[in-house]
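> sequence unknown, structure follows:
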């Protein structure tokens, strides 16, 4: 499905772009982290321990002042807490290990990001290809509907849609952790909470972009000679769509999908931050928790946010690489003036 | 087709889209599980009270009756009563609207002031330190969740440096201006600005970053076109080549993209408001969703949708004005 | 102070041309620094161009002729750069203007444009040098009315004339701030109404009917031929001494091509300007030019008067272009495209041989060493970079046919083959590919 020319172009762009290399490294690191989180994590990310709450990250010393009644008098007692490598990123207010939570949070972000994109691609590309290929009323109807969807900001629409799944069994499903099941690691959660409802919602609110782009592609491809030839040879519309139109509109869809993974991860973190995601093991959720402790434990809100930034930067860099390599419109940028 | 006919046609299309928006929002409510009566009626209410509540809300009617009731109410500016607070939804929503518009406008202004010069510098000094700085900034800018950026700004500026307030703002733009005009009291405006800075930067950063990227790549594209060479060849100074010719042509497609990205701005505003406890539509929606106050949710969604449609018609008209090739079809 | 190499016309006492040339190009080198490597787009280019003549540069696509044009105008863009050589331009007033600030760049009436800073050089554009481009559709700004674009060129010229001695004043009051003012306040038009009137006159001059109306139209409302006329009007707005025409007719229909060429001839006769005509069409050269330089792989491989080059070509490449190499099918055979490819011009692939040797039917052992420029007997203008100017072809010293590997099949030939001289407007051999 990927031609040699495309491979060549990807390779060339990769070899001359430092940014593409950085992006690939970042994404690989996050991906491996997400998959092998139970092996890397020093603690169970959900295990609470009030005596271990609000411990600062390793190397940071933090002083709290407390009033205590000593011998009937109010006294200020300074407690010094020192971060250690036992909790490299410190702990949150409930004493959960932040490092482990960041590692497991990568799972939520990537699963929702990839799953949501798959939902968006599935609906959007299907609708767009059909609209563009058949044209006429089908096209008009579908595109007007797309206009209506576009009138809502993704976040607002998602907020309105999460209500569908609230309280239902499908809001979040538990996926057994294969490594724990196989007995490879101990002391980690048996299963992983996958916010299914959220994934479907973030996919649905983003399908329009894919519909628009694949419609445009289908519109231009159906004018091509080879499509007309295939048609005159008696190929059915479905065959033409699958064999000619889809493969040829793949490039822009792939580029858009990459960027959408990043956008959906940001959207997921926003919804988790607002508490609408259905999971409590998410970077956005942790930021919301840390928000209440800004004056004392700055790390709880800061570190998960950095994790989001690193992940999304990585994906966006990959997106830029794909776009530069695959978009013929931008190739002139590098050529000489001859 | 003349320009006016074109705009008229876009307006009619816009009205159609708005009707679609209203219908979709109504369907959304109808299809979302959960009986509003559960939230409105007292917990210990008997069946009779519940039936009475349902009748008051019009829920005992067939769906299509409810739909047309809502539609006709809407035309008269009636969005129903809030389930939680017994006030008309419209008056609650429109009381919150100015704060959101102020925030969105401030963020847009922040974005435009910083982004276009950055994008131009980035494109015209390609592969120089200034370009690397601008591209790095814009990459991180589009990759940062704005609620987190807002929290970090609060942490660094308000908690760390102890400047700029984070409390709910005490005064809106209009009262602040009135205070200045009628009482020559500048305090109101100062308070307004102090409360506006962090939210505007929070919301504006993503947009700044996005426009920098669009401007840079669009301008590089445009600079490679042969009319640029021809314009230089006839002796036009470089600043004019860049701003009058290249930047102008770069902005034409960008304007359309920005119109479409307006949704992102509003979505960003919703969550920015939540972070800064901003008394706007965003906090209203989030709270309403939390308690399933459907008249408020519906009304807010419709207001946002209508705003989006109107602004996009304006953007289309601007696009048509700037781009002579548009044939108004 | 650098000295100007004596022009050949003077040293050899040529009887035709006593006057000093308007442009003396000496060893001009233009390089592109690309990721694939250094591209030698123009190699040691040496030329004299005289007042009021039409000098043609002819060559295949990728031979460096367009880059030459841009180098002369100082319009190269990164990654391209003029890396060596001199470009002497004769203009007494301009020499006086820059003498104080840049004494090294001035010699008598001549100014070496390559040793001027780019901001000074920029002031020559439009007023001394002007250019028309291949594709009028893409060479005018699509979102500004044609009249206003021409008026911009008029403005540049007016400012130059108002204060010819000062270089700095050329850009004063003509910058961003004024543009911003004009956008904010409608009354302060950025382009003055006199300039717009002049633009309309220029449109009339180049034969555009209803000029006052058409001036308000946008480029996409024009036909290709009309737009090329408008571009010529724009180039003439500054009343330039040298007009560089880069493939002025290539993008046009055959009938329109002839009209545009007639227009250029007419305007040249009227104004006495010098034209540097860049083309791959030998028909255009034959019709327009007084003297010709044949370009191959960034070099002028043969130059001379039209008669020298067309009737008495020495370089096998020129002969090949003219289709004058007799072939087995006998007289009357179609023009034979020269087998093989134009070289990539990449520095590391060029080597020290004659660049044409791999395609040359008369390649000999000498050709493995890069030939200098030889004078050709007969005319003082005629010179060529080929050993055949001095020696005769000998089978004994010929290189094997596959010395450089076998020649590429024809379908790989450059996508812009040189068109033959026989057709005037010239597209008859297009189908020979």
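Nice, I can see it. Bear in mind the structure is a predicted one, so any value in this text is a computation, not a measurement. Residues are numbered from 1 along each chain as shown, chains lettered A, B, ... in the order given.
> ok, residues contacting the least confident helix or strand in chain B by mean pLDDT?
Least confident helix or strand of chain B, by mean pLDDT, DSSP states H and E, is helix B:36-40 with a mean of 75. With contacts defined as CB atoms under 8 Å, 6 or more residues apart in numbering or on different chains, helix B:36-40 is touched by B:50, B:53-54, B:57, B:59, B:83-84, B:291-294. For every residue, glycine as well, the C-beta is placed using N, CA and C.
> Just the buried residues of the residues you listed.
B:50, B:53-54, B:57, B:83-84, B:292-294 (16 or more other CB atoms under 10 Å in any protein chain shown).
> hmm, back to that, which element follows the least confident helix or strand of chain B toward the C-terminus?
Where DSSP states H and E defines the elements, the next helix or strand beyond helix B:36-40 is helix B:47-56.
> and the following helix or strand past that next one, anywhere near chain A?
Using DSSP H and E, the next helix or strand after helix B:47-56 towards the C-terminus is helix B:63-75. No: if you take CB under 8 Å from any CB of the partner chain as the test, helix B:63-75 misses chain A, and the best it gets is 15.3 Å.
> Run through the neighbouring helices and strands of helix B:63-75.
Using 3 or more CB pairs under 8 Å, 6 or more residues apart in numbering or on different chains; DSSP states H and E, the elements in contact with helix B:63-75 are helix B:3-31.
> Flag every buried residue along the helix it packs on.
B:6-7, B:10, B:14, B:17-18, B:20-22, B:24-26, B:28-29.
> Got phi/psi on residue C:76?
With angles defined as degrees, to the nearest 10, residue C:76 sits at phi -70, psi 150.
> Which pLDDT value goes with the closest residue to it other than its chain neighbours?
Spatial nearest neighbour of residue C:76, excluding adjacent residues (CB to CB, 6 or more residues apart in numbering or on different chains): residue C:70 at 5.3 Å. Note on residue C:70: pLDDT of 89.
> what about the strand or helix carrying residue A:103, average pLDDT?
Assigned by DSSP H and E, residue A:103 belongs to helix A:98-134. Averaged across helix A:98-134, pLDDT comes to 92.
> got the contact list for the helix or strand just after that helix?
Once helix A:98-134 ends, the next helix or strand along the chain (criterion: DSSP H and E) is helix A:136-150. If you take CB under 8 Å, 6+ apart as the criterion, helix A:136-150 is touched by A:127-128, A:130-132, A:157, A:205, A:207-208, A:211-212, A:215, B:16-17, B:20-21, B:24, B:260, B:263, B:305, B:308.
> Tell me if residue A:79 really is in a helix.
No: counting by DSSP: H, G, I helix; E, B strand; the rest coil, residue A:79 is not part of a helix but strand.
> where exactly do the strands run in chain C?
Remark: strands assigned in chain C by DSSP state E are C:23-34, C:37-49, C:54-58, C:80-90, C:106-107, C:110-112, C:129-132, C:242-246, C:274-279, C:291-296, C:299-305, C:374-375, C:383-384.
> So which of those strands is nearest chain A?
Minimum separation from chain A across those (CB to the nearest CB) falls at strand C:23-34, 4.1 Å.
> strands paired with that closest one, and their directions?
Here strand C:23-34 is paired, per DSSP bridges, with strand C:37-49 (antiparallel), strand C:80-90 (antiparallel).
> okay, these, which one's buried deepest?
Of all these, strand C:37-49 has the most neighbours on average by mean count of other CB atoms under 10 Å in any protein chain shown, namely a mean of 22.
> and of the strands paired with strand C:23-34, who's closest to residue A:190?
strand C:37-49 (59.2 Å; CB to CB).
> can you state the direction angle for the closest one and strand C:274-279?
With axes from the mean of the first three to the mean of the last three CA atoms, to 10 degrees as the basis, strand C:37-49 and strand C:274-279 are set at 140 degrees to each other.
> Just want the residue of the stretch 1-150 of chain C that's nearest chain B.
residue C:126 (2.5 Å).
> right, and residue B:236 touches residue C:152 too?
Yes: counting by CB atoms under 8 Å, a contact exists between residue B:236 and residue C:152, whose distance comes to 5.4 Å.
> Compare the two and say which is more crowded by neighbours.
residue C:152 (27 against 23; other CB atoms under 10 Å in any protein chain shown).
> per-residue confidence for the more buried one?
We have a pLDDT of 89 for residue C:152.
> That one contacts residue C:196, doesn't it?
No: judged on CB under 8 Å, residue C:152 makes no contact with residue C:196 at a distance of 10.1 Å.
> Tell me how far residue C:229 lies from residue C:236.
Separation of residue C:229 from residue C:236 (CB to CB, to the nearest Å): 10 Å.
> pLDDT below threshold where in the stretch 1-150 of chain B?
Residues of the stretch 1-150 of chain B meeting the criterion pLDDT under 70: B:1-3.
> in it, what residue is nearest chain C?
residue B:126 (7.7 Å).
> And for that residue, the neighbour number?
Residue B:126 has 17 neighbouring residues, counting by other CB under 10 Å.
> With residue B:285 instead?
Residues near residue B:285, counting by other CB under 10 Å, number 28.
> Can you verify my assumption that residue B:154 contacts residue B:165?
No: using CB under 8 Å, residue B:154 is not in contact with residue B:165, being 10.0 Å away.
> Need the overlap of contacts for residue C:229 and residue C:236.
residue C:206.
> Any of the contacts of helix A:136-150 buried? List them.
Those of the contacts of helix A:136-150 that meet the buried threshold are A:127-128, A:130-132, A:157, A:205, A:207-208, A:211-212, A:215, B:17, B:20-21, B:24, B:263, B:305, B:308, by 16+ other CB under 10 Å.
> Show me the subset of those residues that also lies near chain C.
With CB under 8 Å from any CB as the criterion, the subset of the buried ones among the contacts of helix A:136-150 in contact with chain C is empty.
> Next to chain A, which bits of the stretch 101-250 of chain B? Give me the list.
Within the stretch 101-250 of chain B, the positions adjacent to chain A are B:139-140, B:142-145, B:147-148, B:151-152, B:154-155, B:159, B:217, B:220-221, B:224 by CB under 8 Å from any CB.
> From chain C, how far off is residue A:170?
The spacing between residue A:170 and chain C, counted by CB to the nearest CB, to the nearest Å, is 52 Å.
> Could you pull up the residues touching residue 94?
I went with chain A, as the question did not name one. With contact taken as CB under 8 Å, 6+ apart, residue A:94 is in contact with A:48-50, A:53.
> not quite, I wanted chain C
C:111, C:124, C:128.
> now that we have those residues, which one has the most neighbours?
residue C:111 (27 neighbours).
> How is chain B divided into domains?
The record, using automatic domain parsing to delimit domains, assigns chain B the ranges B:3-75, B:94-322.
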